[in-house]
Every structure is written in C-alpha cells, then in structure tokens.
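1. Fold the stuff below for me.
(2 chains)
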Protein chains: 2
Amino acid sequence: MGKKIKIEKKVLEENEKLAAAIRSKLKDKRILALNLVSSPGSGKTSLLEKTLGALKNKLNMGVIAGDVQTENDANRLIKAGGKIVRPLITGGACHLDARMVAQVLEEFELTNLDVLFIENVGNLVCPAGYDLGEDMKVVLISTTEGHDKPLKYPAMFRRSSVLVINKTDLLGLSDFDMDAVKKNAQGINPELKTFEISCRKEVGLDSWYNWLTGEVGRKKSVTR
Amino acid sequence: MGKKIKIEKKVLEENEKLAAAIRSKLKDKRILALNLVSSPGSGKTSLLEKTLGALKNKLNMGVIAGDVQTENDANRLIKAGGKIVRPLITGGACHLDARMVAQVLEEFELTNLDVLFIENVGNLVCPAGYDLGEDMKVVLISTTEGHDKPLKYPAMFRRSSVLVINKTDLLGLSDFDMDAVKKNAQGINPELKTFEISCRKEVGLDSWYNWLTGEVGRKKSVTR
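-> Sure thing, here's the model as predicted:
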C-alpha cells in the first residue's frame, strides 16, 4: 500500500498549492472565506439561509454549495436571497477539493464580494484533510447527534476555528449534554469560538451575525 | 490523476477479494452479517444497544464497532450486554474495509455465533464503496437529518437492503416529512425494506427484532 500513500501525499500537496492560490486571490480582494463542514443534516444550509436573509442588505455574500448529488441546497439558498450561489456537485466524491473550488471561482463575480461561504459535502471525516483556501473552517454539530462527536471525529474539530451548535430547540429531548460537547470540543481545540443556535426557532443567531460582520470588517482592514 | 484512479481501482479490487473470503467464511458458519451505515449520530449504536439487550437470550450476537477514534461505542455495547464486542479504530480512515474486518475476525470466536453486526464509521459517503463481506447493508437515517438525504447520498441507499428511520419521537419538531423520505429512498431503491423506530422511546423495535430473527433463521436454513 506504499504506492497508495505516495499518491495520496501527491494529491494533498497539489491541493495545498491550489488552496494557497485561492487564498492569495481572496486576500487580494479582501473577501472573507468560510468553509462550512458537518455531518449530513446538521444545518449548514439552514444557517446559510438565515444568514443570507438577515444580512443581504449589509453584506455581499457568495455561496459555493457542495453536494454529492442534487442542487437542492443551491436552490434553497437562491430562494433565501442568495444572489451569487453556485452548486458544486461532486458526483460521488466525499469532499470538496481546491481544484473544484478554483474552477467554480473562475466564473464567479468576485468584485465587491464581502464573504464567500463554501458549503462542503456533509461528512465529518474527509473534508478535514482538504484546505480550500478558506480563512476558517466552521464546523456545525446539532444537538441530536450526540455530545461525543468531537472525540470521535477529532481532526475536524482540531482544524476548525468556529463551532456552531445547532438545534438547541431540541435540547432535553435527547441525552445530548451541552457542557460535555463544549468540554469535549475544547479539549481538542481550546481556541474554538462557539455559538449555540437554533435556526428553526431563530435563537442565538444575532451573535453569529455580529461575529461574521466583525470578521468581514477585520478582513477588509488588513493591509494588502 | 489517471494514476490515482488506477490505484483506487486496485484497492477496490483487493477489497472485493477479501470481502468475498469473509462472505464465504460466514456463509460456511451460517452467520448473518449486517453492515450498519449512517451519518454520525443517527443511532447505529443505540439500535445495537437495544437489540443486544432485547435478544441476548435468543441469539448469539457479535459486534465489530468501527470508529475513527475512541472505544466509546464498543464500551456502550459491552455494557448493553454484548458478549462479543470488538472495537475497530480506523485512526483517521473514513470507512471500514474488508482487510480491517478480516483482521478482527481472526481473533473472533465465530462458533455458535448467529449474527455479526459491523458498525461502520459514521459517514454517508465513503462506506458505500467498500464491501465488508456482509449479507446486507442496513442504512440508518434519523428524522432530524432531513428527508432529502437519500437524494443527496444516493449510493448508500442504492447499496443498502434495509432502511431504518430512527428518532420518530422527534417527528413534528422539524420539517422532516416521513412520506417524502420513503418516496425519495424508494425512488433510488424500490427493494428497500423499511422500519420506523425510536430507540429512545422504544417504539417500532419489535418489527426490527422479528425481521432480524427471521433473517437469522433463513441464513441457518440455507444448505451449504
């Protein structure tokens, strides 16, 4: 299997190069890029729907909506007010890679964009290894998934800068322990900035919007 | 990338051979093997906990509990009454493969075993491509994940024989549409045998137990 590992290493090295090129391009245009990762069904699309709706008059937001199949997410996001939404169908692949993102970005109108959201394939394992040129990975977890997930999928929590805990409206209806999930996540990554939200009940979203707006401002103010 | 595809093909071919050997071994011993697949947190371990508890006096059940990290699941299953439970930690890999399963089976006491459950890594994408020598894949989905999951992750639903819809106690607390998920799943795979259950509230489990016991009987009665 040495040959397999060698090829994998080459693929990752190639990915790093392409990701660096994306990062440099986005830095040049001062666009904040967030790579949203989670299990299927944690609420990446719901969070983006809410965010596009709430901030559309304040920020210019673009979305690359990755999925194994279907343009369902992209369609939901366009409906939510997303002006620049592109589906990215992997056709079976378990994660987005920098090559796919670079290709989509070629036909993207980047001028005047403040934020680029990249919604990754629903998968807590594979997307952890692939840099897409983002400023930060945002990992979502929902309260119905169990508080041991950071321990079981540590790479994703280690490589993310932000943790969004969604579906707080369902707290108490499962054995999910909010303190335990935060302790588990911070044990792996003490720097994780954490938000507790319910997209469905629209709870806790303001802190997320404020943080996002602040990060956009910070990115804009960085000297080139 | 032609080289990468060639290597992947070789890896899969090697996996097929090892899976065939496992299948033949289990057939010889008339052990029913089920490969449980789902997103993280859909309830694979909960379903096994209930099943081990309910049927421990009726069936001899073994479990291979796969995870990226931690032996949490294996420990839960031993506590639930599982006599033959082995953790299988992939250490980063996003799915189990036949080589890993074959290795664990070497130290498994297979004599008198009726069922072998293989709990795969929580991942709706990658485990679809890896045959582990099982009789059937059982795919779980929970009502909090969204009814479009079969459309977005079609390979897993196409290659599974059984669909278990868990967390029915949370129906009505999300936009999950039970008829839609069944329609979506059966559009991809009309042969899918479907169970609706709540592990937490212990609803619908008897049908699952009856089906499982029936399948064990069927496997035992097959002439070698």
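
2. Nearest the geometric middle of chain A, what residue?
-> Centroid-nearest residue in chain A: A:Leu36, 0.9 Å away (criterion: Cα atoms, centre = their mean).

3. Flag every buried residue along stretch A:162-181.
-> By 16 or more other Cβ atoms under 10 Å in any protein chain shown, the buried positions in stretch A:162-181 come out as A:162-170, A:173-174, A:176, A:181. Using the backbone N, CA and C atoms, a C-beta is placed for each residue, glycine as well.

4. How much space separates the closest residue to A:Glu14 other than its chain neighbours from A:Lys4?
-> With Cβ to Cβ, 6 or more residues apart in numbering or on different chains as the criterion, A:Glu14 has its nearest non-adjacent residue at 7.8 Å, and that residue is A:Arg99. Using Cβ to Cβ, to the nearest Å, A:Arg99 is found at 20 Å from A:Lys4.

5. Okay, now the unreliable bits of chain A?
-> Across chain A, the ranges flagged by pLDDT under 70 are A:1, A:223-224.

6. At the contact with chain B, which residues of it appear?
-> The interface of chain A toward chain B, taken as Cβ under 8 Å from any Cβ of the partner chain, is made up of A:1, A:3-4, A:7, A:11, A:39-41, A:67-70, A:72, A:92, A:94, A:121-126, A:142, A:144-146, A:148-149, A:151-155, A:167, A:169-170, A:173-175, A:200.

7. Put the alpha carbons of the helix or strand where A:Arg218 lies into CSV.
-> Assigned by DSSP states H and E, A:Arg218 falls within helix A:205-221. What follows is helix A:205-221, C-alpha atoms only, in CSV (Å, rounded to 0.1, in the frame of the first residue of the first chain):
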residue,chain,number,x,y,z
LEU,A,205,-28.3,34.0,15.5
ASP,A,206,-27.5,37.6,16.4
SER,A,207,-24.2,36.7,18.0
TRP,A,208,-23.3,34.8,14.8
TYR,A,209,-24.3,37.7,12.6
ASN,A,210,-22.3,40.1,14.7
TRP,A,211,-19.2,37.9,14.7
LEU,A,212,-19.5,37.4,11.0
THR,A,213,-19.8,41.1,10.3
GLY,A,214,-16.9,41.8,12.6
GLU,A,215,-14.7,39.3,10.7
VAL,A,216,-15.6,40.8,7.4
GLY,A,217,-14.5,44.2,8.8
ARG,A,218,-11.3,42.7,10.1
LYS,A,219,-10.6,41.2,6.7
LYS,A,220,-11.2,44.4,4.9
SER,A,221,-8.9,46.3,7.2
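
8. Show residues contacting that helix.
-> A:30-32, A:47, A:50-51, A:54-55, A:58-59, A:114-115, A:135, A:162, A:164, A:193, A:195, A:197, A:199 (Cβ atoms under 8 Å, 6 or more residues apart in numbering or on different chains).

9. same deal with stretch A:89-97?
-> Residues contacting stretch A:89-97 (Cβ under 8 Å, 6+ apart): A:15, A:18, A:64, A:66-71, A:88, A:100, A:118, A:120-121, A:123, A:125-127, A:129-130, A:132, B:94, B:123, B:125-126, B:155.

10. quick revisit: PyMOL command for the buried members of the contacts of helix A:205-221?
-> The buried residues among the contacts of helix A:205-221 can be selected in PyMOL (16+ other Cβ under 10 Å) with this line:
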select buried, chain A and resi 31+32+47+50+51+54+55+59+114+115+135+162+164+195+197+199
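
11. Tell me where chain A has strands.
-> Under the criterion DSSP state E, chain A contains strands at A:32-37, A:61-67, A:84-89, A:115-119, A:136-142, A:162-166, A:193-196.

12. what angle do the first one and strand A:115-119 make?
-> Note on geometry: by axes from the mean of the first three to the mean of the last three Cα atoms, to 10 degrees, strand A:32-37 and strand A:115-119 are set 10 degrees apart in direction.

13. elements contacting strand A:32-37?
-> helix A:2-28, helix A:44-55, strand A:115-119, strand A:136-142, helix A:205-221 (3 or more Cβ pairs under 8 Å, 6 or more residues apart in numbering or on different chains; DSSP states H and E).

14. Just send the ones you listed back as CSV, with distance to A:Ile84 too.
-> Output for the helices and strands packed on strand A:32-37, formatted as CSV (distance: least, Cβ to Cβ, whole Å):
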stretch, distance to A:Ile84
helix A:2-28, 14
helix A:44-55, 10
strand A:115-119, 9
strand A:136-142, 19
helix A:205-221, 15
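
15. Select, out of the ones you listed, the one closest to B:Lys83.
-> Proximity to B:Lys83 (Cβ to Cβ) singles out strand A:136-142 among the helices and strands packed on strand A:32-37, at 32.7 Å.

16. Relative to the whole chain's centre, how far out is the closest one?
-> Centre-to-centre, strand A:136-142 and its host chain are 6 Å apart (Cα atoms, centre = their mean, to the nearest Å).

17. in its sheet, what does that strand sit against?
-> strand A:32-37 (parallel), strand A:162-166 (parallel) (DSSP bridges).

18. could you dump the shortest one to CSV, C-alpha only?
-> Included here for strand A:162-166 are C-alpha records, laid out as CSV according to Å, rounded to 0.1, in the frame of the first residue of the first chain:
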residue,chain,number,x,y,z
VAL,A,162,-15.5,28.1,14.9
LEU,A,163,-18.0,25.6,16.3
VAL,A,164,-21.8,26.2,15.8
ILE,A,165,-24.1,24.0,17.9
ASN,A,166,-27.4,24.0,16.1
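
19. Measure how it sits relative to helix A:205-221, angle-wise.
-> 160 degrees.

20. Quick check: A:Leu205 vs chain B, distance?
-> 17 Å (Cβ to the nearest Cβ, to the nearest Å).

21. unless I'm mixing things up, A:Val181 is touching A:Val139, no?
-> No: taking contacts as Cβ atoms under 8 Å, A:Val181 lies outside contact range of A:Val139: 11.5 Å.

22. State the number of residues packed around A:Glu145.
-> A:Glu145 has 29 neighbours, counted by other Cβ atoms under 10 Å in any protein chain shown.

23. Repeat that for the one 4 residues further on.
-> Under the neighbour criterion other Cβ under 10 Å, A:Lys149 is assigned a count of 25.

24. ditto for A:Leu110
-> Neighbours of A:Leu110 (other Cβ under 10 Å): 16.
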